[in-house]
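Engineer: Attaching a predicted model along with its sequence, questions to come.
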Amino acid sequence: MRTVALYGTIAGCITAALVLFTTQGGPAFASHTYHRLQHPNAPPRPGRAGPQISHSQSHISLPKQAWKYEYKRDRRNSGLSEEQCSVAFPELYKEVDRAVAYRQKRGKISLEELDVGWRGDGIVRALIHDNQLYIIDAHGVSDPNHRPRSIATLHALNRAISSTSEVLPNIEFTFTDHDSALREGDGNHTTWGYSRLASQESVWLMPDFGFWGWPDVGLRSYAELQFFLDTIEDDFLDKFPKLVWRGSLNVGSGHDAREGLLKHSADQPWSDVQTLDWSNQTDIDQNLLSMQEHCDYMFTAQTEGNTYSGRLKYLLNCHSVLLSHSMQFVEHFHHLLHSSGPKQNYVKLKRDFSDLPHTIESLGKPAKLLDTRRIADNALHTFRERYLTPAAEACYWRALIRGWASVQGFKPQVWEDSGEMAADRRSGRKIQRKMRGAPFESYVVMEAVEWDVPSKPRKLWKLEATWKQASASSASTSASANFILLSALAPEAHI
Ligand SMILES: *[C@@H]1O[C@H](CO)[C@@H](O)[C@H](O)[C@H]1NC(C)=O
Ligand SMILES: *[C@@H]1O[C@H](CO)[C@@H](O)[C@H](O)[C@H]1NC(C)=O
């Protein structure tokens, strides 16, 4: 039986800037500043001591010989400068600008708003100080649903922080790793979240955890998915001329849309739409498709799940035509979806999918296929090759940090108390000043904000036992074992 890498990927993301060289007496650390290789025509970047640039990405003037984004070269560069981010991804920051405008109207963010008590679980309070991430309070994130999400999000955020040589502002904030940042009745709490309803203006959207990876469902790394598709994806015209969808009906608010899709695709020659029964191993073995296998089809269907659907960003990576009902939940990139005009990059259907049959019959007509292909081309260029790259994700995180800072109504405190040095009366030794929380580097090893030194042996809660049980009761494939574990334990986690 294969062991599954459920415990998250250890970051390969820290761009250590230490240059080791040998002197007479042995190795020493160079004290000069390390400069990352820049593209030859890159505009000069502001140094660490340079003036702060406002969060807005839209008004930065560029030198004449402008740098240009190139997909193949830059897609995985998490360290693009702020100017390069604005050149490469000019339309990316709409949700940050919206959230900033909302706070400019409502008044600055207060420290009291960072209290995590309102959420119960799945919420993390954190601090960025001097380009270093600290976890202040990890609130109910150790169970199998929240644990991988919170860890993935912290890694993604830290990659964006540690890849830049620019000064980021000091901020303190909270994020929740729930499908929806706010529940009904949560009012207008201010936090970072993966999705929001249009009416939930107080939520600041961050990239969801699946942009790092979703190993629980077999998606080992977002960048790896993009590599697979770049390498093995068929030409649009060579794909199966069918509509593909797999999923469970056992979801929350998207249930009606999923039922509509099933109803209006039943028994159609163009349909490969199937429900999955996660409790039936035969069904999973026969019908589960990997994300890249979805891209073998000309047409993909998108439905909301509990709230937003975690697979949308993956499907948008296919050089295929995505058909979706109009969505209620917003993620940070949804404004880039266009359902008409020359920039059309998906096809919008009614929420009940009643217009699916005639739409797909029209899109699939041989005489129309080149027009249809243009929609897929637009999606490819807009999403996989630009706005949904790891490079864009890192740019978005930093814009979020800068945007938040611009309306932050307090100065984040780094020290636990007033920071006064004091002497221990008994020993006479100086008591060390203590910083709040735990640095990212420790947190991802210890998964705690405080621990004993030397540390005690730890067991990662009941996860191990539960996991063994789920694996033992299922057959060969790790992904389906994951699905069973998830469906048993984590109602939110259905893909
Ligand atoms: C949140 O709502 C309350 C009342 O419902 C209002 O007084 C307050 O200004 C709102 N806060 C923000 C930040 O929108
Ligand atoms: C399990 O799935 C298979 C394949 O889809 C199906 O033929 C079978 O009837 C299912 N069994 C149950 C108990 O639902």
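Structural biologist: Okay, I see it. For clarity, every value in this text was computed on a predicted model and none was experimentally measured. Ligands and ions are numbered 1, 2, ... in the order given.

Engineer: So which residues on the stretch 101-250 of the chain come close to ligand 1?
Structural biologist: Within the stretch 101-250 of the chain, the positions lying close to ligand 1 (Cβ under 6 Å from any ligand atom) are 106, 188, 190, 202. For every residue, glycine as well, the C-beta is placed using N, CA and C.

Engineer: Just name the lowest-scoring one in those residues, pLDDT-wise.
Structural biologist: Within these, Asn188 has the lowest pLDDT, namely 94.

Engineer: Asn250 is in contact with Gly305, correct?
Structural biologist: No. Using Cβ atoms under 8 Å as the test, Gly305 is too far from Asn250 to be in contact (9.7 Å).

Engineer: For the two, indicate the residue with more neighbours.
Structural biologist: Remark: of Gly305 and Asn250, Gly305 carries more neighbours, 25 against 17, as counted by other Cβ atoms under 10 Å.

Engineer: quick one: contacts for the one residue in the stretch 301-450 of the chain that gets nearest to ligand 2?
Structural biologist: Nearest residue of the stretch 301-450 of the chain to ligand 2 (Cβ to the nearest ligand atom) works out as Ala301 at 19.3 Å. The neighbours of Ala301, taking Cβ atoms under 8 Å, 6 or more residues apart in numbering as the test, are 243-245, 261, 265, 273, 322-324.

Engineer: Stretch 387-404 near ligand 1 anywhere?
Structural biologist: No. On the criterion Cβ under 6 Å from any ligand atom, stretch 387-404 is out of touch with ligand 1, staying 13.4 Å away.

Engineer: Going through the residues of the stretch 101-250 of the chain next to ligand 1, which ones are buried?
Structural biologist: When these are checked for burial by 16 or more other Cβ atoms under 10 Å, the buried set is 190, 202.

Engineer: ok, the residues of the stretch 101-250 of the chain next to ligand 1 vs Ile128, which is closest?
Structural biologist: Nearest to Ile128 among these, counting by Cβ to Cβ, is Thr190 at 16.6 Å.

Engineer: Next, the buried residues of stretch 195-215.
Structural biologist: Neighbour counts over stretch 195-215 (16+ other Cβ under 10 Å) mark 195-197, 200-215 as buried.

Engineer: Could you give the separation between the terminal residues of it?
Structural biologist: One end of stretch 195-215 to the other measures 21 Å (Cα to Cα, to the nearest Å).

Engineer: most surrounded residue in the contacts of Ala301?
Structural biologist: Neighbour tally across the contacts of Ala301 (other Cβ under 10 Å): the maximum, 28 neighbours, falls on Leu261.

Engineer: Hmm, Asp355 and it touching each other?
Structural biologist: No. With contact defined as Cβ under 8 Å, Leu261 and Asp355 do not form a contacting pair (11.6 Å).

Engineer: So Ile151, which state does it fall into?
Structural biologist: Following DSSP: H, G, I helix; E, B strand; the rest coil, the label given to Ile151 is helix.

Engineer: do the same with the one 5 residues further on
Structural biologist: With three-state DSSP as the basis, Ala156 sits in helix.

Engineer: Apart from its chain neighbours, what residue comes closest to it?
Structural biologist: Of all residues not flanking Ala156 in the chain, Trp212 sits nearest, at 4.5 Å (Cβ to Cβ, 6 or more residues apart in numbering).

Engineer: related to what we said a few turns ago, surely the residue of the stretch 301-450 of the chain closest to ligand 2 is within a strand?
Structural biologist: Yes. Counting by three-state DSSP, Ala301 is found in a strand.

Engineer: gap between it and Ala399?
Structural biologist: 31 Å (Cβ to Cβ, to the nearest Å).

Engineer: burial count for Arg103?
Structural biologist: Around Arg103 there are 20 residues (other Cβ under 10 Å).

Engineer: helix, strand or coil for it?
Structural biologist: Under three-state DSSP, Arg103 comes out as helix.

Engineer: Give the closest residue to it in space, chain neighbours not counted.
Structural biologist: Leaving aside its chain neighbours, Arg103 sits nearest to Val407 (3.9 Å; criterion: Cβ to Cβ, 6+ apart).

Engineer: what residues are up against the residue in the stretch 351-495 of the chain that ligand 1 sits nearest to?
Structural biologist: Residue of the stretch 351-495 of the chain nearest ligand 1, by Cβ to the nearest ligand atom: Val407 (10.2 Å). The contact partners of Val407, taken as Cβ under 8 Å, 6+ apart, are 100, 103-104, 108-109.

Engineer: Narrow these to those that are buried.
Structural biologist: 100, 103, 109.

Engineer: quick one: contacts for the second one?
Structural biologist: To tie it back to what came earlier, the one meant is Arg103. 109, 190, 407.

Engineer: The first one pairs with what?
Structural biologist: With beta bridges defined as DSSP bridges, Ile109 has these partners: Gln408.

Engineer: Next, work out how far apart it and ligand 2 are.
Structural biologist: Distance of Ile109 to ligand 2, given as Cβ to the nearest ligand atom, to the nearest Å: 51 Å.

Engineer: tell me the contacts of that residue?
Structural biologist: The contact partners of Ile109, by Cβ under 8 Å, 6+ apart, come to 103, 190, 404, 407-410.

Engineer: can you check the second one too?
Structural biologist: By Cβ under 8 Å, 6+ apart, the residues touching Thr190 are 103, 109, 113, 202-204.

Engineer: one step back: which two among the contacts of Ala301 are spaced furthest apart?
Structural biologist: Ser265 and Leu322 (14.9 Å).

Engineer: what stretches of the stretch 301-450 of the chain score poorly on pLDDT?
Structural biologist: Scanning the stretch 301-450 of the chain for pLDDT under 70 picks out 418-428.

Engineer: Mind jotting down where the helices sit in it?
Structural biologist: 312-315, 356-363, 369-379, 390-406, 440-446 (DSSP state H, counting those that start in this stretch).

Engineer: can you list the ones you listed in JSON lines and add distance to Phe228?
Structural biologist: Formatted as JSON lines, the helices of the stretch 301-450 of the chain follow (distance: least, Cβ to Cβ, whole Å):
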{"stretch": "helix 312-315", "distance to Phe228": "11"}
{"stretch": "helix 356-363", "distance to Phe228": "25"}
{"stretch": "helix 369-379", "distance to Phe228": "17"}
{"stretch": "helix 390-406", "distance to Phe228": "15"}
{"stretch": "helix 440-446", "distance to Phe228": "26"}
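
Engineer: Export the ones you listed to JSON lines and append columns for distance to ligand 2 and mean neighbour count.
Structural biologist: Listed next are those as JSON lines, based on distance: least, Cβ to the nearest ligand atom, whole Å; neighbours: other Cβ atoms under 10 Å:
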{"stretch": "helix 312-315", "distance to ligand 2": "23", "mean neighbour count": "25"}
{"stretch": "helix 356-363", "distance to ligand 2": "23", "mean neighbour count": "17"}
{"stretch": "helix 369-379", "distance to ligand 2": "30", "mean neighbour count": "18"}
{"stretch": "helix 390-406", "distance to ligand 2": "36", "mean neighbour count": "24"}
{"stretch": "helix 440-446", "distance to ligand 2": "39", "mean neighbour count": "17"}
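
Engineer: Report the distance from the host helix or strand of Arg159 to the chain centre.
Structural biologist: Counting by DSSP states H and E, the element that carries Arg159 is helix 146-162. The chain centroid and the centroid of helix 146-162 are separated by 8 Å, computed with Cα atoms, centre = their mean, to the nearest Å.
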